[in-house]
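> the following block contains a protein sequence and its predicted model.
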Amino acid sequence: MLSSEFAYRRVDVEGVTINCAVAGSGSPVLLLHGYPQNHLMWRQVGPALARDHTVVLADLRGYGDSDKPAPDAAGSVYSKRSMARDQLSLMRELGFTQFQLVGHDRGARVSHRLTLDHPEAVTRLAVLDIVPTRHVLNHVNREMAAAYYHWFFLPAGNGIPEHMIGADPGYWIRSIVGPLLGPGASLDADVMADYIRCFSDPRTIAGSCADYRSAATIDLVHDDETFSAGRKLECPVLALWGTQGFVGRGYEPLSVWQEYAIDVRGEALPTGHFLPEEAPDLVTAALRDFLR
């Protein structure tokens with residue numbers, strides 16, 4: 001499913017093993033996936049970028065074939081700060097103290113926190129189909145709640161989402177992916193099967209629920225602290241979003257990101273939520289133009 005030029009590695013970062021695939025040469029670029037995916041979402045974009053860059057495709061903790069530590073009550077294990085530290089340490093273990101960063105969905109939220117916490121490490125940041133978590137949760141309305149109901153279902157307590165998803169992971173993955181695709185779009189059957197394989201592990205279900213639980217609790221505390229301190233992303237930021245998804249319908253993405261970053265540019269693409277899988281050529285072109 002992933003080009004044979006990519007070599008897989010499992011890298012220990014302070015007790016958590018991160019699964020990644022590396023190819024190419026030149027300036028390093030780390031690509032982080034969204035929910036409910038893994039690194040395979042970059043299968044068409046990664047090889048194209050590897051013509052000019054060293055490309056690292058990584059699974060977030062709790063997802064794909066990376067480690068899935070047990071969640072904690074405080075939410076720190078799956079805070080974006082902890083997930084970001086994994087990826088920073090991964091790049092350092094691979095020999096890169098500075099790199100460019102591209103994230104989609106959950107991976108973009110991890111990327112946002114990584115760049116805030118470690119501005120010396122990230123030279124350019126691209127965020128795909130998100131606005132900052134803090135903005136989303138401070139502007140909840142009926143349309144947002146309907147489109148992103150899983151933001152409220154996955155954090156529910158008492159093991160409820162874990163039990164319900166675990167009863168039929170395939171149904172859950174198909175039901176969450178389908179409505180977020182643009183009209184007429186679909187994902188490769190073998191890739192969908194791999195996403196389902198990963199979510200057939202109860203630890204993936206638990207970790208991903210904890211990821212969303214942290215977003216509404218400890219991550220929001222960290223985000224409010226950063227915003228109140230007046231800190232913004234200092235590196236150049238590229239925002240891409242789909243016209244057929246909720247981000248394109250519900251927000252003015254560039255205006256929102258200008259509240260959180262100093263140097264922002266971006267554009268809408270004719271897709272749903274899964275930009276790199278629905279329009280890989282357009283995403284590749286935008287990223288190649290932005291990345292140095």
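That came in fine, so what should we check first?

> and for D224, the neighbour number?
12 (other C-beta atoms under 10 Å). Every residue, glycine included, has its C-beta placed from N, CA and C.

> which secondary structure element contains the residue lying closest to it once chain neighbours are set aside?
Computed as C-beta to C-beta, 6 or more residues apart in numbering, the closest residue to D224 that is not its neighbour in sequence is R134, at 6.7 Å. R134 is located in helix 133-138, with elements delineated by DSSP states H and E.

> before we move on, the earlier item: which ones are touching the residue nearest to D224?
Going by C-beta atoms under 8 Å, 6 or more residues apart in numbering, R134 touches 220, 223-224, 227.

> quick one: the strands in the stretch 51-200 of the chain, in order.
53-58, 99-104, 122-128 (DSSP state E, counting those that start in this stretch).

> closest one to C198 among these?
C198 lies closest to strand 53-58 among the strands of the stretch 51-200 of the chain, at 14.0 Å (C-beta to C-beta).

> give me the mean pLDDT for that closest one.
The pLDDT scores in strand 53-58 average 98.

> neighbouring strands - and their directions - for it?
strand 16-24 (antiparallel), strand 27-32 (parallel) (DSSP bridges).

> if you count neighbours, what's buried in the first one?
In this case it means strand 16-24. Within strand 16-24, the residues that count as buried by 16 or more other C-beta atoms under 10 Å are 16-24.

> I'd say E277 and M41 touch.
Yes: at 5.8 Å, E277 counts as touching M41 under the criterion of C-beta atoms under 8 Å.

> intersection of neighbour lists for these two?
V191.

> what backbone torsions are found at R9?
phi -140, psi 150 (degrees, to the nearest 10).

> list of residues touching stretch 145-159?
136, 161, 176, 208-209, 211-213, 215-217, 246, 250.

> export the strands paired with strand 53-58 to TSV and tack on distance to H118 and mean pLDDT?
Below are the strands paired with strand 53-58 laid out as TSV (distance: least, C-beta to C-beta, whole Å; pLDDT from 0 to 100):
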stretch	distance to H118	mean pLDDT
strand 16-24	16	98
strand 27-32	12	98
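
> adding distance to F96, write the ones you listed out as JSON lines.
Listed next are those as JSON lines, based on distance: least, C-beta to C-beta, whole Å:
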{"stretch": "strand 16-24", "distance to F96": "10"}
{"stretch": "strand 27-32", "distance to F96": "4"}
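
> what pLDDT does the residue nearest the centre of the chain get?
In the chain, the C-alpha nearest the mean C-alpha coordinate belongs to G107, at 1.6 Å (C-alpha atoms, centre = their mean). At G107, the predicted lDDT confidence score is 98.

> just give me the neighbour total for the nearest residue to it once chain neighbours are set aside.
Among residues not flanking G107 along the chain, L32 sits closest, at 2.9 Å (C-beta to C-beta, 6+ apart). When counting by other C-beta under 10 Å, one arrives at 29 neighbours for L32.

> name whatever forms a beta bridge with L32.
Going by DSSP bridges, L32 forms beta bridges with A58, G103.

> roughly how far does it sit from F246?
According to C-beta to C-beta, to the nearest Å, L32 stands 20 Å off from F246.

> now G24
33 Å.

> repeat that for V177.
Separation of V177 from F246 (C-beta to C-beta) stands at 14 Å.

> tell me the pLDDT of Y149.
For Y149, pLDDT reads 96.

> ok, it - how many residues close by?
Neighbours of Y149 (other C-beta under 10 Å): 12.

> please apply the same query to Y8.
Neighbours of Y8 (other C-beta under 10 Å): 12.

> show me which positions of whichever strand or helix holds it end up buried.
Here Y8, judged by DSSP H and E, is contained in strand 7-13. Applying a neighbour-count criterion of 16+ other C-beta under 10 Å, the buried positions in strand 7-13 are 11, 13.

> so for that strand, mean pLDDT?
Rounded mean pLDDT across strand 7-13 is 98.

> tell me the spacing between the residue sitting furthest away from the middle of the chain and S66.
For the chain, the residue at maximal distance from the C-alpha centroid (C-alpha atoms, centre = their mean) is N158, at 25.9 Å. According to C-beta to C-beta, N158 and S66 sit 26 Å apart.
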